[in-house]
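1. Sequence and predicted structure, then a few things I'm wondering about:
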Amino acid sequence: MDREALCDSGDAYEIKIEDHLDAAGGIALPDGATLTAYLDRNIATLGDTPAYRYLNFSTADRDGRAVELTWNRLGTRLRAVGARLQQITERGDRVAILAPQGIDYVVGFFAAIASGAIAVPLFAPELPGHAERLDAVIADADPTVLLTTTAAAESVRDFLRRIPRHRRPRVLAVDAVPDSVGSAFNQTALDSDDIAYLQYTSGSTRTPAGVVITHRAVCTNVLQMILAGGLDRSTRSISWLPLYHDMGLMMIMFPALCGGHITLMDPLAFVRRPHRWIKQLAEESAHGRTFAAAPNFAYELAAKRGLPADGESLDLRNVAGLLNGSEPVTMAAIDSFTMAFARYGLPATAIKPSYGMAEATLSVATIAPDAQPSEIYLHREHLGHNRAVPVAPEDPNAVAHVSCGQVIRSQWGVIVDPESGAELPDGEIGEIWLHGDNIGLGYWGREHETEVVFRNKLQSRLEEHSHAEGSDIGGVWLRTGDLGVYLDGELYIIGRIKDLVIIDGRNHYPNDIETTVSEASAAVRAGFVAAFSLPANELSGAHTADSTGEKLVVIAERAVGAGRAPQEPVAQAIRAAVARRHAIAVADVLLVAAGAIPRTTSGKLARRACRAQYVAGALSSSRDS
């Protein structure tokens, strides 16, 4: 389907899923399908109806000042900013967005793509604690232009002073470009396999890398998510997720592809007052089916601090899809949120545990629209030998794992022996490998890493019940670095290969150890624990009789109100709990202040960064003398 066909106007425009499926029901994009083609069609057909709305809570207005963008207004701003970019860039140049959350970010991102450049969604320099990451990404992407806003321009220019003058990109404030510039905009001919943007990884296990996302990949993944979630143009959504993160960015893709409407908020607006998100979910659900997404911690936080005031009414009956992903999913968070808001009509099926990653554009697997979240208990000892053996919840060796459901349509996920490349049967733990049109092309400027991660061949498939059935024979597969297992048709994520703790020849999963530590003492801030292994000679300030082999180190943040709790009794409780449940001796325990454990820009524990800080002696603690 060419641009003219995609942009054929009509008063009742709605994307027709059947036009995007082949005879077997698989996703098959029309010819010429690009983000910009769908945007153009929406602008032409939806006119003055709302597209994007931003609630600005930085003003005195307690309920947030709404800034709304209609489709016509979006088209005007895209042409203006796109034309200005065409005057100062060449096709294929990288254009980075270093703007605060808001409407101008949306405009800048889509304008960069429409101009023929490659968009690089990033964050404004004032994001605390991430200047080093921004430095690394800017050096890697080598953008020609940085898009920002008038309000943030000074901080962007201050940030650029650390870059040699001859390498500094130009700075362009999106809101300073007049509409009249749009008359010079030249429609760029784009193809489905052209690069749309670079999605930089969160850096939880290594230096951030730019995943190359094509128009085909992002359009495919949006359609996959629509089919998996039972969404359509009438579905409303509300998102506080950062727009530089893959999950936040994909939230603005739904209106771009199929029309509709989304309300955006700043992440800090949610963290400071979680009820703001809940209230907006209720307001949007008054119009019908409502969809949103958030990491696991957000559901726990909202259950504790997001409840309405006495006498305030909420109707959450139409909140039908709340993706829970980006970090390990726990039933405790799901149950606390569901129970907290059940009295306001929240369906028991609302939360959808999911699995995704930037290398797959975003979404990989989720539970069905009518399914409730569920968990299974696996035997800890068998897990250590890469086997998933279900046990009763009360078994002393039981380890809970939440189901991520099924891999979404037109994507394949197999469990593979990472050494041999052979598919493993259900019940055996191995690396998750992925195949599909939603997978990125590779890492920007990193050919060797791209070859290792994105271009793998499945050496053998199971003769029966293969999860690769229907995929291209001889096609390439993405190594995710995640360990997973299939049981009874459900996918479970077990952990990260690089985070695996191997002591005395036995495998231990850090999430499991961290849960034990969180439960060991009330002085530990639950969910803010990092467990990792180190060679004995790299231990910092600890004493052990055995100075060889790998040793376990635990870093735990202090809980609220535990600032004066003595270190040694807490450390003893942690050591005893880990020894009892995991049969491992903890070589060193540090109890640190809240916020001391490094996290990625998406909020994940950065275990490798924490490990490096520990080795360097950069983590301060309250060790008893």
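-> It's in.

2. Just the CA atoms of the helix or strand hosting residue 477, as PDB, please.
-> For residue 477, the host element (DSSP states H and E) is strand 476-487. Extracted C-alpha coordinates of strand 476-487, given in PDB (Å, rounded to 0.1, in the frame of the first residue of the first chain):
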ATOM      1  CA  VAL A 476      18.500 -15.200  12.200                       C
ATOM      2  CA  TRP A 477      17.700 -15.000  15.900                       C
ATOM      3  CA  LEU A 478      18.300 -12.500  18.600                       C
ATOM      4  CA  ARG A 479      20.100 -13.700  21.700                       C
ATOM      5  CA  THR A 480      18.300 -11.900  24.600                       C
ATOM      6  CA  GLY A 481      20.700 -12.700  27.400                       C
ATOM      7  CA  ASP A 482      17.600 -13.700  29.400                       C
ATOM      8  CA  LEU A 483      17.100 -17.100  30.900                       C
ATOM      9  CA  GLY A 484      13.600 -18.500  30.600                       C
ATOM     10  CA  VAL A 485      11.500 -21.600  30.500                       C
ATOM     11  CA  TYR A 486       8.200 -22.800  29.100                       C
ATOM     12  CA  LEU A 487       5.700 -24.700  31.300                       C
END
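
3. Tell me the buried residues in it?
-> 477, 478, 479, 480, 481, 482, 483, 484, 485, 486, 487 (16 or more other Cβ atoms under 10 Å). Where you see a C-beta, it was placed from the backbone N, CA and C, and this is true even at glycine.

4. which neighbours does that strand have in its sheet, and in what orientation?
-> strand 430-436 (antiparallel), strand 456-457 (antiparallel), strand 490-496 (antiparallel) (DSSP bridges).

5. who touches the first one?
-> Yep, that's strand 430-436 we're talking about. 220, 359-360, 364, 386, 407, 410-418, 424, 456, 458, 468, 471-472, 475-485, 491, 493, 497 (Cβ atoms under 8 Å, 6 or more residues apart in numbering).

6. Let me see the contact set for the closest residue to residue 192 other than its chain neighbours.
-> Among residues not flanking residue 192 along the chain, residue 216 sits closest, at 4.3 Å (Cβ to Cβ, 6 or more residues apart in numbering). By Cβ under 8 Å, 6+ apart, residue 216 lies in contact with 29, 33, 192, 193, 437.

7. With respect to residue 122, which of the residues you listed is nearest?
-> Taking Cβ to Cβ as the measure, residue 122 lies nearest residue 193 of the contacts of residue 216, at 24.2 Å.

8. ok, the closest one to residue 345 distance?
-> 45 Å (Cβ to Cβ, to the nearest Å).

9. what does residue 358 give?
-> Taking Cβ to Cβ as the measure, residue 358 falls 34 Å from residue 345.

10. do residue 394 as well
-> 33 Å.

11. Looking at the two, which is more packed in?
-> A direct count of neighbours by other Cβ atoms under 10 Å for residue 394 and residue 345 places residue 345 higher, at 15 against 7.

12. My guess is the more buried one contacts residue 315. True?
-> Yes. The pair formed by residue 345 and residue 315 meets the contact definition of Cβ atoms under 8 Å, at 5.6 Å.

13. average model confidence for the longest helix seen in the chain?
-> Taking DSSP state H as the criterion, the chain has its longest helix at helix 71-88. Computed over helix 71-88, the mean pLDDT rounds to 98.

14. who touches it?
-> Contacts of helix 71-88 (Cβ under 8 Å, 6+ apart): 39-40, 42-43, 46-49, 51-52, 69, 95, 106-108, 110-112, 114-117, 144-145, 147, 170, 172, 174, 177-186, 188.

15. try it again with 7 Å
-> 42-43, 46-49, 51, 95, 107-108, 110-112, 114-117, 145, 170, 172, 174, 177-179, 181-182, 184-186 (Cβ atoms under 7 Å, 6 or more residues apart in numbering).

16. what number of residues lie near residue 250?
-> Neighbours around residue 250, by other Cβ under 10 Å: 24.

17. which residues does it contact?
-> Residue 250 touches residue 362, counting by Cβ under 7 Å, 6+ apart.

18. Wait, residue 219 touches residue 254, no?
-> No. Using Cβ atoms under 7 Å, residue 219 is not in contact with residue 254, being 11.5 Å away.

19. neighbour-wise, which of those two wins?
-> residue 219 (27 against 23).

20. Work out for me the element the more buried one sits within.
-> helix 215-229.

21. so what secondary structure elements neighbour the strand or helix carrying residue 525?
-> Taking DSSP H and E as the criterion, residue 525 maps to strand 524-535. Here strand 524-535 touches strand 501-503, helix 510-520, strand 550-558, helix 607-616, going by 3 or more Cβ pairs under 7 Å, 6 or more residues apart in numbering; DSSP states H and E.

22. Also compute the angle for it relative to helix 607-616, please.
-> Here strand 524-535 runs at an angle of 70 degrees relative to helix 607-616 (axes from the mean of the first three to the mean of the last three Cα atoms, to 10 degrees).

23. start to end distance for stretch 515-525?
-> 11 Å (Cα to Cα, to the nearest Å).

24. now the contacts of residue 216: which count as buried?
-> Buried among those (16+ other Cβ under 10 Å): 29, 33, 192, 437.

25. Pipe the contacts of residue 216 into a markdown table and attach distance to residue 331 per row.
-> As requested, these are exported to a markdown table (distance: Cβ to Cβ, whole Å):
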| residue | distance to residue 331 |
| --- | --- |
| 29 | 37 |
| 33 | 39 |
| 192 | 40 |
| 193 | 41 |
| 437 | 33 |
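
26. Which members of those residues occur in strands, if any?
-> Using DSSP state E, no member of those falls in strands.

27. quick check, nearest of those residues to residue 298?
-> Of the contacts of residue 216, the one sitting nearest to residue 298 (Cβ to Cβ) turns out to be residue 437, at 30.0 Å.

28. Just to check, the closest one is in contact with residue 217?
-> Yes. Counting by Cβ under 7 Å, residue 437 touches residue 217, with 6.5 Å between them.

29. so where is the stretch 501-625 of the chain shaky, pLDDT-wise?
-> Applying pLDDT under 70 to the stretch 501-625 of the chain flags residues 540-548, 601-603, 621-625.

30. what's the answer for the chain, then?
-> Ranges of the chain meeting pLDDT under 70: 1-14, 59-63, 127-129, 203-206, 540-548, 601-603, 621-625.
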